[in-house]
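Chemist: pasted the sequence and its predicted model underneath.
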Amino acid sequence: MSEDRVRVEISGTGVATVTMIRADKHNALDHAMFEGLVNAAAQVAGVPSIRAVVLHGEGKSFCSGLDVASFAAQRGGTNVLLNRDADHPANFAQRVTYDWSLVPAPVIAAIQGNCFGGGLQIALGADIRIAAPDARLSIMEIKWGLVPDMGITQTLPRLIPIDVAKELTFTGRIVSGREASELGLVTRTADDPLAAALTLAGEIAQRSPDAVRAAKRLYNETWVSDDAAAALSRESQLQTELLGKPNQIAAVSAGMSGERPVFTDPE
């Protein structure tokens with residue numbers, strides 16, 4: 001049933017579009033949607049020719065958060081979301097956000113309409129977020145007497161100061177896409193966020209996939225690190241792996257000649 005919730009399309013240019021397809025429920029998260037997102041992240045992570053990923057919701061909203069009614073009717077309720085595989089750091093619910101960090105290619109979230117609770121945490125799992133100015137975003141878990149628990153500890157600290165995070169979390173207030181951009185929750189706004197995300201993905205897909213993937217690893221591994229020596233060493237390690245390789249040579253040749261480079265995808 002998860003295939004009825006998330007669609008994955010891969011273009012010939014190396015851009016994958018991952019679409020949540022439960023528009024009648026504003027793409028609310030039921031068990032099948034969780035499964036679909038986890039499976040989609042694994043699918044795009046396993047295709048070497050994918051150079052950028054666009055994640056969005058079909059219809060009026062990105063994702064309105066947890067479908068509480070569907071879990072209330074399910075045996076075990078939301079407790080099933082806390083299941084954790086022994087070989088994975090994240091539980092089932094957290095994987096719909098955390099697993100995007102495991103995708104080698106950059107992931108861009110295109111946000112329109114409602115982006116609440118778990119939906120916002122999914123968007124925070126992307127590398128880049130483009131929102132409509134009138135999109136509505138909220139860390140809404142406080143409304144239900146809960147804390148956000150879908151990987152937000154691994155994403156929000158990289159984006160906004162702790163006092164801003166606390167204010168948004170303690171109140172659950174809804175902010176517009178425009179305010180979210182000012183706060184740092186989203187990267188920027190666009191009247192048509194999906195079109196903007198696809199354009200950006202296309203630009204990224206024209207860069208060396210080796211360098212783009214290495215840059216994602218570099219920042220993911222070092223951005224909030226307190227170990228300066230380890231972070232500096234990681235820069236050197238990744239750079240050494242790129243220098244003199246075919247894609248790096250192709251980038252230099254294209255830069256010198258002005259011609260469009262031709263890159264090969266990782267095996």
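Modeler: Perfect, I can see it now.
Chemist: got a list of what residue 91 touches?
Modeler: By CB atoms under 8 Å, 6 or more residues apart in numbering, the contact list for residue 91 reads 81-84. Backbone N, C-alpha and C define where each C-beta goes, glycine included.
Chemist: now the residues you listed as CSV including distance to residue 142, pLDDT and secondary structure?
Modeler: Output for these, formatted as CSV (distance: CB to CB, whole Å; pLDDT from 0 to 100; DSSP: H, G, I helix; E, B strand; the rest coil):
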residue, distance to residue 142, pLDDT, secondary structure
81, 18, 75, helix
82, 19, 75, helix
83, 24, 79, coil
84, 24, 78, coil
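Chemist: filter those to the buried ones?
Modeler: residue 81 (16 or more other CB atoms under 10 Å).
Chemist: mind checking the SS state of the most centrally placed residue in the chain?
Modeler: The centroid of the chain falls nearest to residue 126 when counting by CA atoms, centre = their mean (1.7 Å). State at residue 126, reduced to three classes by DSSP: H, G, I helix; E, B strand; the rest coil: coil.
Chemist: where's the closest residue to it other than its chain neighbours, which helix or strand?
Modeler: Spatially, and ignoring its direct neighbours in sequence, residue 126 is nearest to residue 109 (3.8 Å; CB to CB, 6 or more residues apart in numbering). Secondary structure from DSSP states H and E places residue 109 in strand 107-111.
Chemist: how many other residues sit next to the residue lying closest to residue 217 once chain neighbours are set aside?
Modeler: Nearest residue to residue 217 in three dimensions, chain neighbours excluded: residue 238, at 6.7 Å (CB to CB, 6+ apart). For residue 238, the neighbour count with other CB atoms under 10 Å is 19.
Chemist: does residue 238 lie in a helix or a strand, and which?
Modeler: helix 228-242.
Chemist: buried ones in that helix, by neighbour count?
Modeler: Using 16+ other CB under 10 Å as the test for burial, helix 228-242 gives 234, 238, 242.
Chemist: circling back to that earlier point, then the strand holding residue 109 to PDB, C-alphas only?
Modeler: Taking Å, rounded to 0.1, in the frame of the first residue of the first chain, the C-alpha atoms of strand 107-111 are listed here in PDB:
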ATOM      1  CA  VAL A 107      17.500  16.700  -1.300                       C
ATOM      2  CA  ILE A 108      15.400  19.900  -1.900                       C
ATOM      3  CA  ALA A 109      12.000  20.200  -0.300                       C
ATOM      4  CA  ALA A 110       9.300  22.300  -2.100                       C
ATOM      5  CA  ILE A 111       6.800  23.500   0.500                       C
END
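Chemist: partners of that strand in the sheet?
Modeler: Strand pairing for strand 107-111, determined by DSSP bridges: strand 52-57 (parallel), strand 128-131 (parallel).
Chemist: mind checking what helix or strand follows the helix holding residue 238 in sequence?
Modeler: Following helix 228-242 in sequence, per DSSP H and E, is helix 246-257.
Chemist: ok, and what's touching that following helix?
Modeler: 207-211, 242, 259-264.
Chemist: burial check on residue 93, number of neighbours?
Modeler: When neighbours are counted by other CB under 10 Å, residue 93 registers 23.
Chemist: and it, how far from residue 130?
Modeler: Per CB to CB, to the nearest Å, residue 93 is found 25 Å from residue 130.
Chemist: any weak-confidence spans in the stretch 1-150 of the chain?
Modeler: Residue ranges of the stretch 1-150 of the chain with pLDDT under 70: 1-3, 73-79.
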